[in-house]
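Undergrad: predicted model and sequence below, questions to follow.
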Amino acid sequence: MTESMLNAITPVILTYNEAVNIGRTLGSLQWASEIIVVDCGSTDSTLEILRADPRVRLYTREFDSHHNQWTFATGATDIKTPWIFRLDADYQLSPELVDEISRLNPRGPENAFRIHFDYAIFSKKLVGSLYPPNTVLLRRGKFSIQDAGHTESWQVEDPVGELRTKIVHDDWKPMSAWLGAQARYMARELNAPARTDRGLRDWLRSHPPLMPIAVFFYCLFGKGLIFSGREGLLYTVQRTLAEAIYSLLYLEKEFHKQCNKDRT
């Protein structure tokens, strides 16, 4: 059983300028005989690192949306195993997680497994984060992918199991790359179709600057990041800045709407 479950899984990764991360991620996938990677035009040494690993089947696709990128990665790359493991290029799988996965039954009733995350800043784990659990280990043919603002959502047929061991999210890319990515993500989030299940987050976002303020205090005190030293403060400022970017874009959009209304 141990060997057969690992042999039933193909890791699938999206990359763009992940040279500081991808080597560590590949290193945590020593058990995988084949790894699918879809790159969207890296200009650093990401492609050289990937091509040096004989297990990697590398595809290049110009990025248009996470939905389309993942649809291509999971449906147009000739995956042969019944299970996929969808991974970000900065995810780290511990030996304990690999061991837990190895003991799963690939023919069991579950169609996916939900996994929680530890968030790390340059390999130091935080006491908490806003990073949500997700279904990243999925049986092929039992899920669909929808567009969801700056990212994508995965709809999985029940039943869904849950793993005890966490994945570590540990991104080493420079802050300049992070800021550029957040600006793009928040612009897509702002212009995404309105959700029918609007909640507190949506209300706070539509009343700037309440969301950045709420995130700042929630991270520090609600998630206890005040006890994670400089790393916790860095994460708190990152999440606050991300929401501040959304607030700026929201206000700009409202100003444009008002200007257009005044002209008519």
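TA: Here it is on my side, so go on.
Undergrad: can you pull out the strands in this protein?
TA: 9-15, 35-39, 56-60, 83-88, 91-92, 112-115, 117-121, 124-125, 134-139, 143-148, 151-156, 160-162, 167-170 (DSSP state E).
Undergrad: now mean pLDDT, mean neighbour count and distance to residue 25 too, for the ones you listed, in a markdown table please.
TA: No exception for glycine: its C-beta is placed from N, CA and C like everyone else's. Formatted as a markdown table, the strands of the chain follow (pLDDT from 0 to 100; neighbours: other CB atoms under 10 Å; distance: least, CB to CB, whole Å):
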| stretch | mean pLDDT | mean neighbour count | distance to residue 25 |
| --- | --- | --- | --- |
| strand 9-15 | 98 | 23 | 7 |
| strand 35-39 | 98 | 23 | 9 |
| strand 56-60 | 98 | 16 | 11 |
| strand 83-88 | 97 | 22 | 7 |
| strand 91-92 | 96 | 22 | 6 |
| strand 112-115 | 98 | 20 | 15 |
| strand 117-121 | 97 | 19 | 13 |
| strand 124-125 | 96 | 14 | 17 |
| strand 134-139 | 96 | 20 | 13 |
| strand 143-148 | 89 | 15 | 21 |
| strand 151-156 | 90 | 15 | 19 |
| strand 160-162 | 97 | 14 | 23 |
| strand 167-170 | 97 | 20 | 9 |
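Undergrad: nearest to residue 257, of the ones you listed?
TA: strand 143-148 (23.5 Å; CB to CB).
Undergrad: what is that closest one packed up against?
TA: Helices and strands touching strand 143-148, by 3 or more CB pairs under 8 Å, 6 or more residues apart in numbering; DSSP states H and E, are helix 66-75, strand 151-156.
Undergrad: that older thread, okay, the strands of the chain in TSV with distance to residue 49 next?
TA: Output for the strands of the chain, formatted as TSV (distance: least, CB to CB, whole Å):
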stretch	distance to residue 49
strand 9-15	9
strand 35-39	10
strand 56-60	9
strand 83-88	15
strand 91-92	16
strand 112-115	25
strand 117-121	20
strand 124-125	24
strand 134-139	22
strand 143-148	27
strand 151-156	25
strand 160-162	32
strand 167-170	17
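Undergrad: closest to residue 249 out of the ones you listed?
TA: Nearest of the strands of the chain (CB to CB): strand 151-156, 16.5 Å.
Undergrad: please parse the chain into its domains.
TA: With domains defined by automatic domain parsing, the chain comprises 2-170, 175-263.
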